[in-house]
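Peer 1: okay, here's the prediction I keep looking at, along with the sequence it came from:
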Amino acid sequence: MAPAVPQMRMLIGDVGPAGPIASFVGGQRGPRPGGRPWVMINFAASVDGATTITGESRGLSGPADREIFHQLRGVADAILVGAETVRVENYGPMHPREGVREARLARGQQPVAPIVVVSRSLDLDWTGALFGDAEATTVVAAPSDAAEDALAAARLAGRVICAGLGSVALAPLLARLAGDGHRTVLCEGGPRLVAELAADDLIDEVFLAISPQLVAGHAQRMLAGPELVPARGLALSAVLEAAGFLFLRYLVLR
């Protein structure tokens, strides 16, 4: 049995009738100028900024964090994730909990959000649950010049979107997802993919869970890439607290 979600207090932001978690993750989101999807990122980090413990993010999590994770997945049209995160975190497809499917249909969304894996090398387990147990066909985004045999294997396992040469071009990928009707995209990492999104100014909203731990060591930060010049400004829109965790919601300033 999953641990009970601890009581949550909204410190900044309005609490609607559905409660603090729904208020924290909810709101009106729509396509950005030019038609690209609204892009959210969701991360957990320790107080000293570590995004993993012994190489995985789950050690930073807790019941409230997992509840927000599931609710964010429930409002997104598609879930974007890097191939390294898929391998390390043993990613599986989205299986909506009771009530989520009905709520998505009521909002005009597909009942299940597809996972979109960004991969340069296409070094993925095509027999794993992410491909074999997916209700919404898993999408693989790859460079157009990826090896033909790897592209063929990917097409047998799921759907392939080719964008860019040498690496995946994220703006064209998001345009393709928008063309498929995906108005909101939730990126769940990893740090290199999020850094690329930030460098291309493709992030609109940031959800950050601060886990009440000190980790030290050499764990990665949320973004692993060149310094952003100028830095991207954020506006705090909501703060939630539960069992020592702080949950922060920011909008990217433009």
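Peer 2: It's in.
Peer 1: please enumerate the strands of this structure.
Peer 2: Ranges of strands within the chain are 9-12, 38-46, 78-82, 115-118, 139-142, 159-162, 184-187, 205-211, 234-242, 245-252, based on DSSP state E.
Peer 1: in its sheet, what does the second one sit against?
Peer 2: Take DSSP bridges as the rule and strand 38-46 pairs in its sheet with strand 184-187 (parallel), strand 205-211 (parallel).
Peer 1: sorry, back to before: turn the strands of the chain into TSV, including mean neighbour count.
Peer 2: The C-beta positions use only the backbone N, C-alpha and C, and glycine is treated the same way. Shown next, in TSV, are the strands of the chain (neighbours: other C-beta atoms under 10 Å):
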stretch	mean neighbour count
strand 9-12	13
strand 38-46	23
strand 78-82	24
strand 115-118	26
strand 139-142	26
strand 159-162	17
strand 184-187	24
strand 205-211	20
strand 234-242	17
strand 245-252	19
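Peer 1: quick one: which of those strands has the weakest pLDDT on average?
Peer 2: Among the strands of the chain, strand 9-12 carries the lowest mean pLDDT, a mean of 78.
Peer 1: so what touches that one?
Peer 2: Residues from elsewhere that reach strand 9-12 (C-beta atoms under 8 Å, 6 or more residues apart in numbering): 20, 23, 24, 236, 237, 238, 239, 240, 241, 242.
Peer 1: so the fifth one is in contact with residue 14, correct?
Peer 2: No - between residue 237 and residue 14 no contact is recorded; they are 10.3 Å apart, counting by C-beta atoms under 8 Å.
Peer 1: follow-up on the earlier one: and the strands of the chain as a markdown table, adding distance to residue 177?
Peer 2: Formatted as a markdown table, the strands of the chain follow (distance: least, C-beta to C-beta, whole Å):
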| stretch | distance to residue 177 |
| --- | --- |
| strand 9-12 | 31 |
| strand 38-46 | 10 |
| strand 78-82 | 6 |
| strand 115-118 | 7 |
| strand 139-142 | 8 |
| strand 159-162 | 8 |
| strand 184-187 | 6 |
| strand 205-211 | 16 |
| strand 234-242 | 24 |
| strand 245-252 | 19 |
